[in-house]
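Enquirer: coords please:
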Amino acid sequence: MIGKLTGRFDGTTQEGAVVIDVNGVGYVARVPLFALEALKASRAEAVALYIHTAVREDAIDLYGFTSEEELGFFKQLMSVSGIGPKTALGILNASDVLSLKRTIAQGDAVALTKVFGVGKKSAERIVVELRDKVVVISAGADLGGEGEVIEALMAMGYSAQEARAALKSLPQDSKGGTVNEKISAALKNLGTHATK
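Expert: Coordinates of the predicted model:
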């Protein structure tokens, strides 16, 4: 299985996939439109793509992403029943990852139906299955480790909604602490709610 490709952008195929030349071997990968633009802009430089390998009976397809966050979100989309790699890539072509996560977190299934191949039922299923799994971090905000705290709480089994609520209800004196202090305070908060 291929996890990452580092090489030189060597153009696109007729189907619109990119070719990455790695020491003379050209790997073909399907990428979201925003990644394609970034790759075209860096023609002379070395590029890196995080890869998802999709194996079918008749083909092995590579899907490439410029960041691990994009790859992670792509895999989250594919975890939804009925969403395959081509549909997940189509969803990523609709907007940037942050906007898509925000759309899902807000429960806006209608916005997802604008993507080719995503019907009303599929859009609703995406929202229902991923709403509590996506972590939405505001771009440009001074987070002070809030994203790390939310991810840590989710790794402990709390939903994204529970983690955000616990972080929001921290006492004012805890909000300026380290990430570990915020996690401890949030866990205490979650513990007191569970015992009520």
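Enquirer: and the one helix or strand Leu36 maps to, what does it pack onto?
Expert: Following DSSP states H and E, one finds Leu36 within helix 33-41. Counting contacts by 3 or more Cβ pairs under 8 Å, 6 or more residues apart in numbering; DSSP states H and E, helix 33-41 packs against strand 4-12, strand 18-22. Bear in mind the C-beta positions are built from the backbone N, C-alpha and C, glycine included.
Enquirer: what's the most buried one of the ones you listed?
Expert: strand 18-22 (a mean of 19; mean count of other Cβ atoms under 10 Å).
Enquirer: which elements pack onto it?
Expert: Applying 3+ Cβ pairs under 8 Å, 6+ apart, one finds that strand 18-22 contacts strand 4-12, strand 25-29, helix 33-41.
Enquirer: how about these in CSV, adding distance to Tyr63 and mean pLDDT?
Expert: Compiled in CSV, the helices and strands packed on strand 18-22 are given as follows (distance: least, Cβ to Cβ, whole Å; pLDDT from 0 to 100):
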stretch, distance to Tyr63, mean pLDDT
strand 4-12, 11, 91
strand 25-29, 6, 94
helix 33-41, 10, 85
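Enquirer: so this structure: which segments form each domain?
Expert: The record assigns the chain these domain ranges, following automatic domain parsing: 4-65, 68-130, 146-195.
Enquirer: most packed of the ones you listed?
Expert: For the domains of the chain, the highest mean count by mean count of other Cβ under 10 Å goes to domain 68-130, at a mean of 17.
Enquirer: quick one: distance of it to the chain centre.
Expert: 10 Å (Cα atoms, centre = their mean, to the nearest Å).
Enquirer: still on that earlier bit, contact partners of the helix holding Leu36?
Expert: The contact list for helix 33-41, computed with Cβ atoms under 8 Å, 6 or more residues apart in numbering, reads 9, 12, 16, 18, 31, 47, 49, 64-66, 70, 93, 96.
Enquirer: done for today, thanks.
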